[in-house]
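Participant: just to be clear, the model below is a prediction. Sequence and coordinates:
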Amino acid sequence: MPAPTGPQADLPSSRIRLADTPDPVGPVAALPDLALFDFDGTITTRETFPDLLVAATPRWRRIVGRVLLAPIVIAYRLGLLSGIRTRAALVRYAFSGLPAAHVAAAGAMLAATRLPALVRPRMQARIDWHRARGDTVVVVSGNLDLMLAPWCAAQGVALLCSTLEQVDGRLTGRYAGAQCAGDEKAKRVHAAYPREAFAQVYAYGDTDEDLALLRIADHVIWRGAPWATTT
């Protein structure tokens, strides 16, 4: 595979190969490895944030929102508006004033019924491979804990992700702190998982929002394949 170019060119080379069947579990190292997975588009075949918007937003808001939010969605698809700003606008419109328990119930339903069918078999195999080796596996995502937390709990993996602000049990339509995207992904990993506690770091991503996460890894996997392999 040729070396990457563009904004990804300074990423470290990977020394693993992804195969249809994961490599056999090797000897346990003195320190565990750390495996960091982006969720949408990396673990899954597509973005899942829209699923939560549809499942949790009242019907009348969805109908009106198709018109009100159309310019924002079009600008995002044309690359004129960042994912961070787009998600902030959608969350503010869709979830403002809703009971947090209502959105959490929708997220749990999707985690149990929708997400399993969207998981890439190869990425599920990699998660299972890391867990079998005793690695610390963490999903690092800009998506919301209201949907990802139940899925990660079922998988037995940790989660760093975006959360929504609540007041008296209702969502304000704002994020609680920064969205877990871009540089924030690496920042949260550094805070929660000190590098010296791990032998090696693996990172899996698929968009520019993952680049800061990939740059802290020893083994970089982009859209299902390593940047380069060594034999």
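Facilitator: The structure has been received and is ready for your questions.

Participant: show me the contacts for Ala88.
Facilitator: When contacts are counted by C-beta atoms under 8 Å, 6 or more residues apart in numbering, Ala88 is found next to Arg174, Tyr175, Gln179. No exception for glycine: its C-beta is placed from N, CA and C like everyone else's.

Participant: buried subset of these?
Facilitator: Tyr175, Gln179 (16 or more other C-beta atoms under 10 Å).

Participant: among the contacts of Ala88, name the ones in strands.
Facilitator: Assigned to strands by DSSP state E, the following of those qualify: Arg174, Tyr175.

Participant: specify which member of the contacts of Ala88 is nearest to Ala125.
Facilitator: Sorting those by distance to Ala125 puts Gln179 at the head of the list, at 29.0 Å, by C-beta to C-beta.

Participant: next one: the closest one from Pro116, what distance?
Facilitator: 25 Å (C-beta to C-beta, to the nearest Å).

Participant: how about Gln124?
Facilitator: The spacing between Gln124 and Pro116, counted by C-beta to C-beta, is 9 Å.

Participant: cool, and Gln155?
Facilitator: When Gln155 is compared with Pro116 (using C-beta to C-beta), they lie 10 Å apart.

Participant: distance to Lys187 and pLDDT for the contacts of Ala88 - can I get that in CSV?
Facilitator: What follows is those, written out as CSV (distance: C-beta to C-beta, whole Å; pLDDT from 0 to 100):
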residue, distance to Lys187, pLDDT
Arg174, 19, 98
Tyr175, 15, 98
Gln179, 12, 98
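
Participant: so which of the contacts of Ala88 comes closest to Asp128?
Facilitator: Here the nearest of those to Asp128, counting by C-beta to C-beta, is Gln179; it sits at 28.6 Å.

Participant: low-confidence ranges in this structure?
Facilitator: Across the chain, the stretches falling below the confidence threshold (pLDDT under 70) are 1-29, 227-231.

Participant: just the strands in it please.
Facilitator: Assigned strands in the chain, in chain order: 34-37, 136-144, 158-162, 164-167, 170-175, 201-205, 219-222, 225-226 (criterion: DSSP E).

Participant: would TSV of those with distance to Arg46 be doable?
Facilitator: Rendered in TSV, the data for these read as follows (distance: least, C-beta to C-beta, whole Å):
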stretch	distance to Arg46
strand 34-37	16
strand 136-144	12
strand 158-162	17
strand 164-167	22
strand 170-175	22
strand 201-205	15
strand 219-222	17
strand 225-226	18
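
Participant: so which of those comes closest to Glu47?
Facilitator: Between Glu47 and the strands of the chain, the shortest separation by C-beta to C-beta is 8.3 Å, and it involves strand 136-144.
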